[in-house]
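Engineer: sequence plus the predicted model coming up.
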Amino acid sequence: MAEIAVTRELVKELAKAARLVLSEEETDKYTQQLSVILDAFKELDEVPTDGVEPSYHPIEIKDSLREDKPEKWEWDPLANVKDHEGKYIRGPSIK
Amino acid sequence: MNSLKRAKELDQEYHFMNAFADSLDSGEGRLKGYTVSVKDNVCVKGVQSTAGSKVLEGYVPPFDATVIAKCRAEGASILGKTTQDEFGFGTFNVNTPFNKPLNPHDPERSTGGSSGGAACITAVADFPHLAISESTGGSISCPASWCGVVGVTPTYGRVSRWGLIDYANSLDKIGVMGKTVKEAALLLSVISGPDKYDSTVLDTPVPDYTELESVEELKVGVPKEYYGEGINSDVEKTIWSTLKKLESKGAKLIDVSLPHTKYALSSYYIIAMAEASTNLSKFSGLRYGLQEHIEGDFNQYFSKIRTLGFGDESKRRVMLGTFTRMAGYRDAYYLKALKVRTKVIEDFKHAFEAVDVLAAPTMPVVAPRFDEIEELEPIQHYMMDILTVAPNLAGIPMVSVPCGTSEDMPVGLHLMADHLQEHTMLRAAWEVENL
């Protein structure tokens, strides 16, 4: 793994991508903690993996398709929406 | 006294529940007479289900998870939701804004996590009770071990995950806890098997796991990487004393090696955090849980909800998971971890050519005290999972079965078996229970 310097700028970038707002104090804390954790992950470099297939699942997953038949749900998918008009959910504006 | 009233009394002392059902329904079937508690990340119709997170506070599922529907169909009474670390992110059940359970053997100590509430109520219930719990990296085995109950994590895909609030889809397994192996086996028999709503469920027939008998000439593998350095010597002594008794009953102890064990922790955390960061992207305050007055653009609103709703550990994992999937780093971290996972799986497959089960301590120490946990850094929390992550990464079944004490606290023996070999594993655990 390439040397990665975990800077405050990187932590801010990650927070922005993850839609999180961090205080200055939190940014400092996560910069230090993420640096320690990512440093520990580097030990994987010791394992030779040339030609090794990645395991996206622990076992082989077969496609399991059901009949293409419409089914009526017994429950209301909007049951937990606080702000809606009829079947429309109110959301923030998309700029 | 009915079990709902009794559970509420016990909860006053131990804090294992997040929400109770209004009343208990019951019916006919294999679980008639049993009260079943449910980890808070498994949806129960009409009962608040938060997965231990403020971001889901107020969420009341309008449907039952498949495992709950199966329990009800067999006559179980569904008690309510047991407390857990937020989304399963923790080993001590302290990472949650809701109830933090107390260890029934010493209230100054942790129950373990993340299914801490499930293990706690299983230990203290004085009425017929079984627990639905869930493991991603050891969240059933750890609290079962520290609370002195039986905790079974099945093969990945043995039990439907439909209705589970996901943590990491390639790692999550819904499992069970009970006071005895036989009771845990009963609940596992009920919840296993195909489900049209979860395409990852295996269609292999489900045996009646409650048919327990001795395994002739049981071959027990003792993986050297799970003993010695980093394991409390008194815990290890208790484990060895159990293994020697098992040997005197006719089991054969065989030394084995799982050479990639050391790397399982990093591989597990990279994969789990990457999957968690994508799963948690759905919490945006529109359809369920925490919802605020809508103002600003969508980025501002989503950021506000997630910043308010996620706890410290969730924020840390979401950022780490975002990093390991980022362009430029993805191959070095995420893809590398998946390849190391292949090596970990190969280690287990090789070992199971020679043995029926592998035996090790479930946890390297007994339940720590809360004041000790407060002193730990995040990386030290992760390292506590050193013995449970590898089998979880490989998706093999495992059971923690009580096998004695150390410092007057329970110690669990961890038995692991090859994919879909739950029955042999449970028979071996039953044998340990009867030593």
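Structural biologist: Right, received. Where do you want to start?
Engineer: mind checking the backbone torsions on the residue of chain A found nearest chain B?
Structural biologist: Scanning chain A for proximity to chain B using C-beta to the nearest C-beta identifies residue A:58 as nearest, at 2.7 Å. From N, CA and C alone the C-beta is placed, and that goes for glycine too. In terms of degrees, to the nearest 10, the main-chain angles of residue A:58 are phi -80, psi -20.
Engineer: in the stretch 101-250 of chain B, what residue comes closest to chain A?
Structural biologist: Taking C-beta to the nearest C-beta, the stretch 101-250 of chain B has residue B:199 as its residue nearest chain A, at 4.2 Å.
Engineer: before we move on, the earlier item: what's around the residue of chain A closest to chain B, how many residues?
Structural biologist: 24 (other C-beta atoms under 10 Å in any protein chain shown).
Engineer: contacting residues for the most centrally placed residue in chain A?
Structural biologist: Centroid-nearest residue in chain A, with C-alpha atoms, centre = their mean: residue A:18, separated by 7.7 Å. Residue A:18 is in contact with B:277, B:306, B:315, B:318-319, B:322, counting by C-beta atoms under 8 Å, 6 or more residues apart in numbering or on different chains.
Engineer: of the residues you listed - the most surrounded one?
Structural biologist: Among those, residue B:318 has more neighbours than the rest - 28 neighbours, counting by other C-beta under 10 Å.
Engineer: which other residues reach the host helix or strand of it?
Structural biologist: Using DSSP states H and E, residue B:318 falls within helix B:312-324. By C-beta under 8 Å, 6+ apart, the list of residues contacting helix B:312-324 from outside reads A:10-11, A:14-15, A:17-18, A:20, A:22, A:26, A:30, A:33-34, A:37-38, A:41, B:53, B:85-87, B:89-90, B:95, B:269-270, B:272-278, B:280, B:310, B:329-330, B:333-334, B:337, B:378.
Engineer: what about the nearest residue to residue B:408 once chain neighbours are set aside, how many residues close to it?
Structural biologist: In space, and not counting its chain neighbours, residue B:408 is closest to residue B:105: 7.2 Å by C-beta to C-beta, 6 or more residues apart in numbering or on different chains. Residue B:105 is flanked by 18 other residues according to other C-beta under 10 Å.
Engineer: and the pLDDT at residue B:105?
Structural biologist: Residue B:105 is assigned 98 on the pLDDT scale.
Engineer: what's the answer for residue A:71, then?
Structural biologist: Per-residue confidence for residue A:71 comes out at a pLDDT of 87.
Engineer: now list the buried members of the contacts of helix B:312-324.
Structural biologist: A:10-11, A:14-15, A:18, A:20, A:22, A:26, A:30, A:33-34, A:37-38, A:41, B:53, B:85-87, B:89-90, B:95, B:269-270, B:272-277, B:280, B:310, B:329, B:333-334, B:337, B:378 (16 or more other C-beta atoms under 10 Å in any protein chain shown).
Engineer: what lies in contact with stretch B:418-426?
Structural biologist: Residues contacting stretch B:418-426 (C-beta under 8 Å, 6+ apart): A:58-59, B:152, B:154-156, B:158, B:181, B:184-185, B:188, B:202, B:204, B:207, B:209, B:211-212, B:215, B:348-349, B:352, B:356-357, B:395-399, B:415-417.
Engineer: next step: those restricted to strands.
Structural biologist: Judged by DSSP state E, strands contain the following of the contacts of stretch B:418-426: B:152, B:357, B:398-399, B:415-417.
Engineer: how about residue 6, what does it touch?
Structural biologist: I went with chain A, as the question did not name one. A:31, A:34-35, A:38.
Engineer: chain B is the one I meant
Structural biologist: B:125-127.
Engineer: which element, helix or strand, includes it?
Structural biologist: In the assignment (DSSP H and E), residue B:6 maps to helix B:3-14.
Engineer: cool, and residue A:30?
Structural biologist: Assigned by DSSP H and E, residue A:30 belongs to helix A:24-41.
Engineer: quick one: residues contacting residue A:57.
Structural biologist: B:156, B:170, B:200, B:395.
Engineer: pick out the lowest-pLDDT one from the residues you listed.
Structural biologist: Within the contacts of residue A:57, pLDDT is lowest for residue B:200, at 93.
Engineer: count of residues packed around residue B:374?
Structural biologist: 10.
Engineer: please report how far it lies from residue B:89.
Structural biologist: Between residue B:374 and residue B:89 the distance is 17 Å, computed by C-beta to C-beta, to the nearest Å.
Engineer: what parts of the stretch 1-150 of chain B come near chain A?
Structural biologist: B:45, B:58-60, B:62-63 (C-beta under 8 Å from any C-beta of the partner chain).
Engineer: at 6 Å instead, please
Structural biologist: B:59, B:62-63 (C-beta under 6 Å from any C-beta of the partner chain).
Engineer: what about the nearest residue to residue B:345 once chain neighbours are set aside, distance to residue B:188?
Structural biologist: Once flanking residues are discounted, residue B:345 sits nearest to residue B:394: 4.6 Å by C-beta to C-beta, 6+ apart. Separation of residue B:394 from residue B:188 (C-beta to C-beta) stands at 19 Å.
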